[in-house]
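Peer 1: Sequence first, predicted coordinates after that:
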Amino acid sequence: SDIVVYIISASGNTVDISEDNYLISITSPADSSVVVRAVPVNMHGLDNVHGMFVREMAGNRVGAEVSLGKGGSISVVNYAEEMHVELQSMTQEMIQLRVNCTDPAGRIMAFNLDNTSLMLQEMDRIGIHYDGTPMACVDDPELVFNATRATCWISQQTREQAQVMMYIPEFSEHTIDIVVESDEATEVPTTTETGVPGFEAIIAVLCLVLTGYVSKKVNK
């Protein structure tokens, strides 16, 4: 699979990259970061989103990236030492996570869902509950990276693969539920407009009068 490498350096110094018999070496300044990501984790078509995610990592605003798989498997990469993520439960309809951090500053979290960690039917979609309250996720991922209050964004590419980006504005301890929601369109009841009382009768009388008037003119 494809591998993407991000190199972030605040000083703007030169970064040396060399290759020797398929071994790639990167020499970068002490204040820089090197992040290597694989496409199966990123999912295709999200290069720009993950570029922004890495940018926030360099700014120390990312808490953790969590990958969830079938059978309750979980892999957590902490980008903040104070961050702790715990899987509370996982069913085919809901994944419940508990996150806490001793640093109260707001953090960005990423959640990768793969290998049928949730069972989605044809008209289902993924929803997020934050501390028990459903969230309305945004369509633009940049709004998550620039958020000052709890905000989420979901990329659901297939029924077996999705990614969630979420900003948590302040930390103590929080619960995050990733749930399956039905996306079936509800039928809007049709309403029959009621006419104004007596209006139809007036129209009928006018028609009769006009008909008689026209007949009279023709007979003349």
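Peer 2: Cool, got the structure.

Peer 1: counting contacts, what elements does the longest strand seen in the chain pack onto?
Peer 2: Longest strand in the chain by number of residues, with DSSP state E as the criterion: strand 173-182. On a contact count with 3 or more CB pairs under 8 Å, 6 or more residues apart in numbering; DSSP states H and E, strand 173-182 meets strand 94-101, strand 107-113, strand 124-130, strand 161-168. Backbone N, C-alpha and C define where each C-beta goes, glycine included.

Peer 1: For the residue most central in space within the chain, which residues count as its bridge partners?
Peer 2: Geometric centre of the chain, nearest residue: Ile154, 1.4 Å, by CA atoms, centre = their mean. Beta-bridge pairing for Ile154 (DSSP bridges): Val164.

Peer 1: Let me know how buried Ala136 is, in neighbour terms.
Peer 2: 8 (other CB atoms under 10 Å).

Peer 1: Check Ser182 too.
Peer 2: Ser182 has 11 nearby residues by other CB under 10 Å.

Peer 1: ok, now Ala110?
Peer 2: So Ala110, with other CB under 10 Å, has 22 neighbours.

Peer 1: Likewise for Val62?
Peer 2: Neighbour number of Val62 under other CB under 10 Å is 23.

Peer 1: can you pull the contacts of it?
Peer 2: 53, 56, 79-80, 107-110 (CB atoms under 8 Å, 6 or more residues apart in numbering).

Peer 1: Swap in 7 Å and give it another go.
Peer 2: 53, 56, 79, 107-108 (CB atoms under 7 Å, 6 or more residues apart in numbering).

Peer 1: how about those, which pair is most distant?
Peer 2: The most widely separated members of those are Phe53 and Arg107, with 12.1 Å between them, by CB to CB.
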